[in-house]
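[1] Sequence plus the predicted model coming up.
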Amino acid sequence: MSPIAENLQEVKARISEALQGDSRAVTLVAVSKTHAPEMVREAFAAGQRDFGENYVQEAAAKIAALADLPANWHFIGTLQGNKARDVAERFDWVHGVDRAKIADLLSRHRPPGRRPLNVCVEVNISEEATKGGVRPGEALALARHIATLPGLRFRGLMGMASPSGDEAKARSEFAVLRRELEAIRAAGIPGDTLSMGMSQDWRAALAEGATMLRIGTAIFGAREAHAWSAA
Ligand SMILES: *Cc1c(COP(=O)(O)O)cnc(C)c1O
């Protein structure tokens, strides 16, 4: 078995162990940013279908190189307006929407004939000034707006905990995201996705109700300084 297949098997076993018979569906998004297409191919061969990328140019080249694979591509980075078209044309999911203007652009550029783009609103749960995302409490208004756009389908919320390594702190931050989604659903806007948890903190996220884990390092290994690029 390839190292990537082994890592995947290990990560999935740990996740089902942590779920302990909880029947919630959890999607594992393998974060392949900086890794070469061949590594994605290996993961795909091992049964992995969802992949996360956060640099538009790198992702565009990689998706093109892997066009023969029926994979689901998730854009998990911060999105600039001038890249919205590239993302709307290539991806199945966008996890980092935090402005109405970006949502409008994504909807407008979603090619007709493709299913609406699945969108999560990013919430700044760590409340670090440098992080993207709307403030807790502002997600509902943006979700309401997204729900009116024909090219988009509001799916839920995405958040990142502070990289403190403190499990209790991570849990309390993830709990903010869970409660935000509960408030949105209580307001009548359906959303089934809590995208939270990475290699370091996925257990805390799962304990707070995550339905999508975005895991890179534990599957593909450490990211190198010289990232893969198509050039
Ligand atoms: C890189 C990245 C991940 C994966 O991080 P790992 O620590 O490698 O698991 C998850 N989410 C986002 C938004 C990322 O940028």
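    That came through fine. Numbers count the residues shown, from 1 in each chain.
[2] Which stretches in this protein count as helices?
    3-19, 37-45, 56-65, 84-90, 100-109, 139-147, 167-186, 202-207, 217-220 (DSSP state H).
[3] Throw the ones you listed into JSON lines and include mean neighbour count and distance to A227, thanks.
    All C-beta spots, glycine's among them, are computed from the backbone N, C-alpha and C. Listed next are the helices of the chain as JSON lines, based on neighbours: other CB atoms under 10 Å; distance: least, CB to CB, whole Å:
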{"stretch": "helix 3-19", "mean neighbour count": "15", "distance to A227": "17"}
{"stretch": "helix 37-45", "mean neighbour count": "18", "distance to A227": "12"}
{"stretch": "helix 56-65", "mean neighbour count": "18", "distance to A227": "7"}
{"stretch": "helix 84-90", "mean neighbour count": "19", "distance to A227": "18"}
{"stretch": "helix 100-109", "mean neighbour count": "18", "distance to A227": "24"}
{"stretch": "helix 139-147", "mean neighbour count": "20", "distance to A227": "31"}
{"stretch": "helix 167-186", "mean neighbour count": "18", "distance to A227": "27"}
{"stretch": "helix 202-207", "mean neighbour count": "21", "distance to A227": "23"}
{"stretch": "helix 217-220", "mean neighbour count": "20", "distance to A227": "12"}
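[4] which one of those lies closest to R115?
    Of all those, helix 84-90 sits nearest to R115, with 11.9 Å by CB to CB.
[5] Okay, now the unreliable bits of this protein?
    For the chain, the stretches with pLDDT under 70 are 225-226, 230-231.
[6] Return the residues of it in contact with the ligand.
    Proximity of the chain to the ligand (CB under 6 Å from any ligand atom) is limited to residues V31, K33, N54, I76, M160, M198, S199, Q200, R214, I215, G216, T217.
[7] show me the contacts for the fifth one.
    When contacts are counted by CB atoms under 8 Å, 6 or more residues apart in numbering, M160 is found next to I125, S126, K131, M196, M198.
[8] what are the phi and psi angles of it?
    Per-residue torsions, M160: phi -130, psi 130 (degrees, to the nearest 10).
[9] Out of the contacts of M160, who's the most crowded?
    Counting neighbours by other CB atoms under 10 Å, M196 comes out on top of the contacts of M160 with 32 neighbours.
[10] distance of the nearest residue to it once chain neighbours are set aside from E167?
    What sits nearest to M196 in space, not counting adjacent residues and going by CB to CB, 6 or more residues apart in numbering, is A205, at 4.3 Å. Using CB to CB, to the nearest Å, A205 is found at 11 Å from E167.
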